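Colleague: Sharing a sequence plus its predicted fold:
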Amino acid sequence: MPEISVHRLTRTIGTARVLDEVGFTVSDGQFVTLLGPSGCGKTTTLMSIAGFQTPDAGTITHGDRTFFDAKTRRNIPAEQRELGVVFQSYALWPHLTVAQNVGFALRIRRTPRQQIRQRVGEVLELVELGHRSDAHPHELSGGQQQRVALARALAHGPSALLLDEPFSNLDAKLRERARDWLRDLQRDLGISTVFVTHDQTEALAMSDRILVMNQGRIMRAGTPEEVYHRPGSRFVAEFLGRCTFLTGTARTVGAGAYRLDVPGLPGGVPFRADSAPPPGAVTVAVRPEGLVLTEPGGLTEPGVFTDPGAADSGWPARVVHTTFLGDHYLHTLQAGPQRLQALSTRPLAASTVRVGLADGAASPVADDPVPADTVSTAEQPASTAALHAV
């Protein structure tokens, strides 16, 4: 299936810049997630691709088809883009049965009845709802309604799939099952997919690539591992989970290797960077799992030091608070003036520990100033009338 390419997409509402030259590519069969807080522009981007919103500038192409080009004033209507869209609210017609909802897009395309019946049966079996074809939406669970919405989006054989927070109405356990099921289905179909969410767990678990957005811009793009371990900016690091930020003065200790002199952490914090850190204060981010705790007696949690002498070079710390989170414990530690967070798989017996750093655990981050004319604004969902284009 052809790739989706978004180039320098811009949209302004009043004086607010909703999209600020957004650009990215979704390769054939790839699962790409737009991740960010409410109002960051992710739904506006998705609905611009779908054709339900019109940007002020930029281009959107899908293979050799140009969906939108502001310069030439080309803007293909949503119903001609042949994309499958799943809305946050599912937007199922309450008076229609499951089969009728799924076949809606085919009926408005004037598909023969026999073909509609056959195709509806096929996609309902695909989403494991063939036995509920005669039910109405109110007779289904939230998870089943979500699958009906997905079946409707797939019924007309779309060339790509656009999903706007489809799991937001599900409880936590059902969300987990639904995301695994959807990811397996997407891989089996090999369909290019753009997925919108504000849930970092969904993004990390499902994506081939993640695009982290904030205030109309893409702040970081990469694989889940790249974005999580090398966030590049303070915003991305904070949005993608817990982080300890340490600020100090960097000094070179080898090729691409540096040490950050931080008050209260004798010997400094080792980190690596592709280019020399800028002069002045430098900040690194450390995930809780990147800190290694050693209790009196030598037992180490949660990992092991790569350097046999690293435990001796760790920092003494006081356990301030411990939170039980089911399969692990989150410890808040005080090392001099520094407040740290670390994980362990068991409770700590001692009130004082030594804390060190796993190899490669510290990653430099930078603050990302946002232009004065770029502000967050509420994203506008597509109306139910947009279903005529699905």
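Modeller: Cool, got the structure.
Colleague: Quick check: Glu165 touching Val196?
Modeller: Yes. In this structure, Glu165 is within contact of Val196 by Cβ atoms under 8 Å, at 5.6 Å. Any C-beta I mention is one placed from the backbone N, CA and C, and that applies to glycine too.
Colleague: Comparing the two, which residue is more hemmed in?
Modeller: Val196 (25 against 20; other Cβ atoms under 10 Å).
Colleague: before we move on, back to that, which residues do Glu165 and Val196 both contact?
Modeller: By the contact definition Cβ atoms under 8 Å, 6 or more residues apart in numbering, Glu165 and Val196 are jointly contacted by Thr43.
Colleague: what comes up buried for the helix or strand encompassing Val253?
Modeller: If you go by DSSP states H and E, Val253 is part of strand 244-254. Neighbour counts over strand 244-254 (16 or more other Cβ atoms under 10 Å) mark 244, 246, 248, 250 as buried.
Colleague: contacts for the longest helix seen in the chain?
Modeller: If you go by DSSP state H, the chain has its longest helix at helix 172-189. Here helix 172-189 makes contact (Cβ under 8 Å, 6+ apart) with 31, 126-127, 142-143, 146, 150, 154, 161, 163, 166-167, 170, 193, 199, 202, 205-206.
Colleague: quick one: average confidence on that helix?
Modeller: Mean per-residue pLDDT for helix 172-189: 88.
Colleague: So what's the gap between it and the chain middle?
Modeller: Here helix 172-189 is found 15 Å from its chain centre; the criterion is Cα atoms, centre = their mean, to the nearest Å.
Colleague: Then stretch 124-138?
Modeller: 29 Å.
Colleague: cool, stretch 211-230 as well?
Modeller: 8 Å.
Colleague: That stretch spans what distance, first to last residue?
Modeller: For stretch 211-230, the first-to-last residue distance is 13 Å (Cα to Cα, to the nearest Å).
Colleague: For that stretch, which residues meet the burial criterion?
Modeller: 211-222, 224, 227-230.
Colleague: So which of those residues sit within helices?
Modeller: Using DSSP H, these in helices are 224, 227-229.
Colleague: Which elements pack onto the strand holding Val253?
Modeller: Here strand 244-254 touches strand 257-262, strand 265-272, strand 281-286, strand 338-344, going by 3 or more Cβ pairs under 8 Å, 6 or more residues apart in numbering; DSSP states H and E.
Colleague: just checking, Gly23 touches His7?
Modeller: Yes. Judged on Cβ under 8 Å, Gly23 makes contact with His7 at a distance of 5.0 Å.
Colleague: Spit out the residues that contact these two alike.
Modeller: Gly58.
Colleague: Next one: Ser192 from Leu150, what distance?
Modeller: To Leu150, Ser192 is 15 Å away according to Cβ to Cβ, to the nearest Å.
Colleague: and what of Pro347?
Modeller: With Cβ to Cβ as the criterion, Pro347 and Leu150 are 43 Å apart.
Colleague: Also Leu325?
Modeller: 32 Å.
Colleague: if we can go back for a sec, partners of the strand holding Val253, with directions?
Modeller: Sheet pairing of strand 244-254 (DSSP bridges) gives strand 257-262 (antiparallel), strand 281-286 (antiparallel).
Colleague: Would you mind finding the most buried of those strands?
Modeller: Across the strands paired with strand 244-254, the average number of neighbours (mean count of other Cβ atoms under 10 Å) peaks for strand 281-286, which reaches a mean of 22.
Colleague: Render the CA-only coordinates of that strand in CSV, please.
Modeller: The C-alpha trace of strand 281-286 is given here as CSV (Å, rounded to 0.1, in the frame of the first residue of the first chain):
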residue,chain,number,x,y,z
ALA,A,281,24.4,24.4,32.4
VAL,A,282,23.5,21.0,31.0
THR,A,283,20.6,18.8,32.0
VAL,A,284,20.3,15.0,31.7
ALA,A,285,17.2,12.9,32.2
VAL,A,286,17.4,9.6,34.1
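Colleague: Pop the domain breakdown of this structure in here.
Modeller: What automatic domain parsing lists as the domains of the chain is 4-231+375-389, 235-365.
Colleague: Please, where are all the helices along the stretch 51-200 of the chain?
Modeller: Secondary structure of the stretch 51-200 of the chain (DSSP state H, counting those that start in this stretch): helices at 98-102, 104-108, 113-126, 142-155, 172-189, 200-206.
Colleague: Can you convert these into a markdown table and add a column each for mean neighbour count?
Modeller: What follows is those, written out as a markdown table (neighbours: other Cβ atoms under 10 Å):
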| stretch | mean neighbour count |
| --- | --- |
| helix 98-102 | 24 |
| helix 104-108 | 18 |
| helix 113-126 | 16 |
| helix 142-155 | 23 |
| helix 172-189 | 15 |
| helix 200-206 | 19 |
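Colleague: could you dump those helices to a markdown table with distance to Ser89?
Modeller: Putting those into a markdown table (distance: least, Cβ to Cβ, whole Å) gives the following:
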| stretch | distance to Ser89 |
| --- | --- |
| helix 98-102 | 13 |
| helix 104-108 | 16 |
| helix 113-126 | 20 |
| helix 142-155 | 9 |
| helix 172-189 | 16 |
| helix 200-206 | 18 |
